[in-house]
Each structure stands twice: as structure tokens, then as C-alpha cells.
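# Let's see this in three dimensions:
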Amino acid sequence: MVTGMRTLGMRSGFVGIAVVLGAITAAVPRGSVAVAAAHAARLSCTAAMSNAHPADYTTTDVRVHTAAHAHVTTVAHYRTTNTKHHRTAGRKGNATVPYYISGATPGYKVKVSVSVVKGSQTGSCSTSFTPHR
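A predicted model of the protein is given here:
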């Protein structure tokens, strides 16, 4: 989305871009305006596990911090399956996503992919846990 941006001028095949709403200025090759706009629309995301080494048949939480009221999707990539959950971050940008660890493969590192969306902004991050017996 190019709304909120203006062209500053052209020189040597580069277009200067300024974000009117912020203090970000970048010089990018001509034709790369969409890339610069996409980077400006990046949504912050951090994720951590409440317990990175949960025992089988217990619950561990994915704790996500992002923008207030952003949509949060997590996917746990187990050895034999993927499990997806959805949440909405609260007014402080926090979301807690519980994962029940059934008989997951002990010692197998389970990567948890996190994606966040708010309006036209998107972001991603990840964390992991390793189940044990």
C-alpha cells in the first residue's frame, strides 16, 4: 500500500521514499517501491514457551506479544502432524495459546510457527519445545 508515502525525487535510477507518518526514509532501486512499502507494514511478533521441556500429557503455552487486538495463528510442527490454533491478542498485545502434549515423540524438537495480522500489517516469529516422558 503506497498511501502515506511520497516520492522525493529520482536520481541515478533510484527513487527516494519517505513515510509521512514516521521518520523512515529509504533509497530503493526503481521498481522496488512495493518492497519498501511491505517492509514499512511489518508487524512486531515475539513468542516464547511457558515450558520448553513439557512432559507428555501436560499443557504448555505459547506466549505471543504483538500489536493490540491482532489476529494470532500458531502451528506446532510435530513429527507426524501439525496442530493449528487461533487467538486474538488482548489490548496490551498479549495472546496465550495452550498446547496439550499428548503422547508426542520424546526428544523431538517441535517448532511452533506464529503469524500475526492486523489490518494490512503482517508479521511472524517462532519458538519451540521438546517433549519428554
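# how does the protein divide into domains?
Structural domains annotated on the chain: 5-40, 46-129, as defined by automatic domain parsing.
# Comparing those, which stretch has the densest surroundings?
Most buried of these, by mean neighbour count (mean count of other CB atoms under 10 Å): domain 46-129, with a mean of 16. (Glycine included, C-beta is placed from N, CA and C.)
# Next, the distance between the ends of that domain.
15 Å (CA to CA, to the nearest Å).
# And for residue 47, nearest residue in space, chain neighbours not counted?
Among residues not flanking residue 47 along the chain, residue 127 sits closest, at 4.2 Å (CB to CB, 6 or more residues apart in numbering).
# and if you look at residue 54?
Per CB to CB, 6+ apart, closest to residue 54 is residue 60, 4.1 Å.
# Just put the domains of the chain in CSV and tack on mean pLDDT.
Compiled in CSV, the domains of the chain are given as follows (pLDDT from 0 to 100):
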stretch, mean pLDDT
domain 5-40, 46
domain 46-129, 97
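# What helices and strands are in contact with the strand or helix carrying the residue nearest to residue 54?
Assigned by DSSP states H and E, residue 60 belongs to strand 58-65. Helices and strands touching strand 58-65, by 3 or more CB pairs under 8 Å, 6 or more residues apart in numbering; DSSP states H and E, are strand 46-49, strand 71-77, strand 94-101, strand 110-118, strand 121-129.
# shouldn't residue 108 be in contact with residue 78?
Yes. In this structure, residue 108 is within contact of residue 78 by CB atoms under 8 Å, at 7.3 Å.
# Specify the beta-bridge partners of the residue nearest to residue 54.
Following DSSP bridges, residue 60 is listed with bridge partners residue 99.
# That one and residue 94: what is the separation?
For residue 60, the distance to residue 94 equals 16 Å [CB to CB, to the nearest Å].
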